[in-house]
Each structure stands twice: as structure tokens, then as C-alpha cells.
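Asks: Sequence plus predicted model, see below.
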Amino acid sequence: MIVEQHYLDCLSQASYLVVDGDVAVVIDPRRDVDVYLEAAVKHDAVIRHVLLTHMHADFVAGHLELAERTGAKIYVGRHAGATYAHEPVDEGRLLEFGDVRIDALDTPGHTPEGISYVLSRPGEPPHAVFTGDTLFVGDVGRPDLMSSVGHAADELARDLYRSLHDKLMTLPDETLVYPGHGAGSMCGKNLSSDTTSTIGRERRTNHALAYADVDAFVAGVTADQPAAPAYFAHDAVMNRSERGTLDEALATGAQALDLDRVLALVADGARVLDVRDAESFAAAHLASSTNVPLGGRFASWVGTVLFDAPRLVIVASPGDEREATLRLGRVGLDRVVGYLAKGPAAWAERPEVVRSIQRVDWDQVTSRVLDVRQPGEWEAGHVDGALHVPLGELEARLDELPRDEPLAVVCASSYRSSIAASLLARHGFENLVDVRGGMQARAAAAR
């Protein structure tokens, strides 16, 4: 028996390949599925089954892509409401192949249809459990993401408590825990950077399992949850529906557009997404474009600040266009209609369409600071007198910001501050500087 974890750092997302004999099973695949196809070939196996633990909100799963490429059967919880061909999963024996079996446990709470999958050999104690977003290393799934579609967070939290204590915590201590996410995911609030654990370790150390009773648990896990990005609800719908494949989105995004065509698309409502690094963007960029550098949590931030864009045009350093479209496709933003041919070289003779934003070091900051970090980061330390508006709330709170005084935009490292400065410039804020290195640079200078 082979179990492989495939971890995608930029989404803090874990998927799994299980192989025994010539049969392979994939659990919670990401949308670019070649990694699983290549792994199956390496193990002389064929992918026959694709299992989803729930209808993911933070990424679009690759179940339809794998079914199209391999003919594999898709399995999802019976309460999921999926509209594509699939096998509804009830609690109990699900699959047997080679020398192993997979049993399903109903584990609602993060979502109503949540399923965990227990992997074992006949006659032996469970080897592992794939917990999706029900149980993480050090935390549990947040129960509030379904509130917008009529599922009360406190009721789902009670379901989650029962799923944890009546189902998962009845497994032996040595059972391996394979969760759906690690640190950085917005599907929980205190995830460990470790990506595997055991039931025994979580029983001893997971803060969410230490509450005295269900009422204390509900109060604890529903409190202080960060606002969910706008694309989460969109992705959950995509994961339960028929939709286009990633290959189709990549083909559309691969169209090279000249500058005049890009400007015409912008005039018709498209948004320009410049994925170059912050320094290059600040030096010169197309007017009204938004900078989200192609690094870090790129797709998540695009889904947060550009979710309402009906169409996207990519500006990238030549060669980076496909990577940008791929990463957007992973979170269901199939809205890229092409990219600017020749990248920044395309506007060399058109200075009238180019803008810039000044970047400065801390010793050059003389204006009021606008801090766009998360509340927890702000509370851990900030500049006296600074304004605080988290990046995800910025466009909704522009009226709180002064337009008659200069602003120095900061975050932790200057990744988010570049995004924020580009958004502010697009909305007519003119007296801006973006502070290099953010609060990390300030702390380093103080040492």
C-alpha cells in the first residue's frame, strides 16, 4: 500500500494518492491533475476512483478533470447536491481494492456533507483517516462558511463537535491523520505547519478538542473567524456543478493581445491584472491596473480583490502568463481572456497610458501610515497613529481614508501593500508611497 501526499504550498492544500496493486484512488485533487496521472504511472496503477471529502470553498477540485482523463468514478457525500455523475457516499464500507479498504464516516460540521475516509487492511486497525476540513493538525474546520446559504454556524459547530468526538476520536491513537490543509489556509484559524499527525497527538494537543463541553466548543470555534474571501462561495458552487475544465480556461487565457486590444477591453469593463513583482510594477504599469505579484498567495488575493471583475487581462514578464492563468484556474477564476503581448515592452512608446507609484524605505516615510495587515498582526504591534484597514476590506472602506493627505502603505513584507497601493491608485488616490519591506523591515532596522 502506498499513500502519497501532494501538498500545494500556495493554497496550503493537501491531496492524496492511494495505491494498492494496479488501482489508484485520489482524494481531494487539485485542478491541474497531471501530478496524479504521472504518479499513478510511476506506480504501474490506473486511477479508478476520485473521492471528495466535501464541497471545497477555497479551491476548485480536479474531480471532473480526472474523470474526463481516466474515466474514474467520483464519490461525494450524499448531502452535497452535486449535479454531475457521481456516487453518493453514505457512512460505511465504500471501496475495496488490492489488499486495502476505505470506509466512510459522516463528519459534518465544516460543511453539511462532510465525509472522512478511513484507510485500513482487513483484520487490522485503521491505518489512516483522510479528514478533509473536519480535523486539521492543531485545529478544526471553521463552521461559518455556509452561513450565507442558510446553514447557521452554531448548528454546524454542534455537528462538528459530534463528528470529532463521536467519530474521529473513537479511532485508535496510532491512526494517521491526513488533513485537507495546513498553515495559511482560511478554512481554519490556528492550523499547524505540520501536514500530518495522529489521532493520539490531536487528542492531546489540538486546542479545539480541549473544550469542556459542546457549548464551550461552539463559542470557541465560531469566535474571531476572519472574513472569508469573496471567491469561496463561488468555488463551492463550482465544486458541486458541471463546469468547464482547466484546459479550456488555459486555452482562453493563452491569447496574446496587443496594447490597443487590451485598452479596448478595459474600456469595456475588463480589469488588468499585473503579476510582476512590486518593484517593477511601481516603476511603470498600465493606468488602472491592479498588482498582485505572482508569488505567495497569489490566487487567493486575486480572488479577494478582483473577484467582481467580469474579465481579466494579464500583464506579466514574458513567460509567466501561463503560470498566472493556471494559478487563477485553481481557484475557479476562469476569467482570463488573454495577456498583453510583449509584456511591459508593449507600452514603451505609449507614455500616456503608463503610471507609476513611488516606493520608499522606512527612513523616507514622512506621511501617515496606512496598515493593511490582518487584525491579529495589527494587535501584535503597529505604528503609532497609523490607520488600519485590512486589505480584504479596503475597497469597501475607501470613504474612511483621507484623500487630502499623503499615505504610506504598509503590510508585513510589502507584498500586500503593493496590492493595496495599486487599488488606491485605481480609485483616484494620488499621494501614495508603498513602503519596502513592510513591518518586517522596520523591526529589522530597530534591532
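Replies: Yep, that arrived.

Asks: Tell me which residues of stretch 64-77 come out buried.
Replies: Neighbour-count burial for stretch 64-77 flags 64-67, 69-70, 72, 74-77 (criterion: 16 or more other Cβ atoms under 10 Å). Placement of C-beta: from N, CA and C, glycine included.

Asks: Okay, and which of those residues map to strands?
Replies: 74-77 (DSSP state E).

Asks: which regions of this protein lie under the pLDDT threshold?
Replies: 147-150 (pLDDT under 70).

Asks: Surely Val292 touches Trp301?
Replies: Yes: using Cβ atoms under 8 Å, Val292 is in contact with Trp301, at 5.1 Å.

Asks: Who has more neighbours out of the two?
Replies: Neighbour totals were compared for Val292 and Trp301, and Val292 leads with 30 against 19 (other Cβ atoms under 10 Å).

Asks: List the residues that contact that one.
Replies: Val292 sits next to 273-275, 298, 301-302, 305-306, 419 when contact means Cβ atoms under 8 Å, 6 or more residues apart in numbering.

Asks: Give me the common contacts of Val292 and Trp301.
Replies: Ile419.

Asks: what residues are up against the nearest residue to Leu391 once chain neighbours are set aside?
Replies: Residue nearest to Leu391 in three dimensions, not counting chain neighbours: Val372, with 4.3 Å by Cβ to Cβ, 6 or more residues apart in numbering. By Cβ under 8 Å, 6+ apart, Val372 lies in contact with 389-391, 394, 409-411, 416-417, 420.

Asks: switch the cut-off to 6 Å
Replies: Counting by Cβ atoms under 6 Å, 6 or more residues apart in numbering, Val372 makes contact with 391, 411, 416, 420.

Asks: Do me a favour and get the end-to-end distance for stretch 228-246?
Replies: Using Cα to Cα, to the nearest Å, one end of stretch 228-246 lies 24 Å from the other.

Asks: contacting residues around that stretch?
Replies: Identification of contacts with stretch 228-246 by Cβ under 6 Å, 6+ apart yields 31, 55-57, 60-61, 65, 80-84, 145, 148, 303-304, 307, 329, 331-332.

Asks: Leaving out sequence neighbours, find the closest residue to Gly338.
Replies: Residue nearest to Gly338 in three dimensions, not counting chain neighbours: Gln255, with 3.6 Å by Cβ to Cβ, 6+ apart.

Asks: give me the number of residues near the one you found?
Replies: Around Gln255 there are 14 other residues, counting by other Cβ under 10 Å.

Asks: so what's the backbone phi/psi at it?
Replies: phi -80, psi 120 (degrees, to the nearest 10).

Asks: name the helices or strands packed onto the host helix or strand of Gly329?
Replies: Using DSSP states H and E, Gly329 sits in helix 321-330. For helix 321-330, the elements it packs on are helix 246-253, helix 298-305, judged by 3 or more Cβ pairs under 6 Å, 6 or more residues apart in numbering; DSSP states H and E.

Asks: try it again with 8 Å
Replies: Secondary-structure packing of helix 321-330 (3 or more Cβ pairs under 8 Å, 6 or more residues apart in numbering; DSSP states H and E): helix 246-253, helix 298-305, strand 312-315, strand 336-340.

Asks: Tell me where the stretch 1-150 of the chain has strands.
Replies: Assigned by DSSP state E, counting those that start in this stretch, the stretch 1-150 of the chain shows strands spanning 2-8, 13-20, 23-27, 46-51, 73-77, 87-89, 92-97, 100-106, 115-120, 128-132.

Asks: Distance to Gly385 added to the ones you listed, as CSV?
Replies: Formatted as CSV, these follow (distance: least, Cβ to Cβ, whole Å):
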stretch, distance to Gly385
strand 2-8, 40
strand 13-20, 39
strand 23-27, 50
strand 46-51, 53
strand 73-77, 51
strand 87-89, 55
strand 92-97, 59
strand 100-106, 52
strand 115-120, 49
strand 128-132, 44
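
Asks: So for Thr222, which of those strands sits nearest?
Replies: For Thr222, the closest of the strands of the stretch 1-150 of the chain is strand 128-132, at 19.2 Å, according to Cβ to Cβ.

Asks: Identify the bridge partners of the closest residue to Glu113 other than its chain neighbours.
Replies: Leaving aside its chain neighbours, Glu113 sits nearest to Gly77 (3.4 Å; criterion: Cβ to Cβ, 6+ apart). Counting by DSSP bridges, Gly77 forms beta bridges with Val89.

Asks: Quickly note the distance from Gly71 to His49.
Replies: Distance, Gly71 to His49, using Cβ to Cβ, to the nearest Å: 11 Å.
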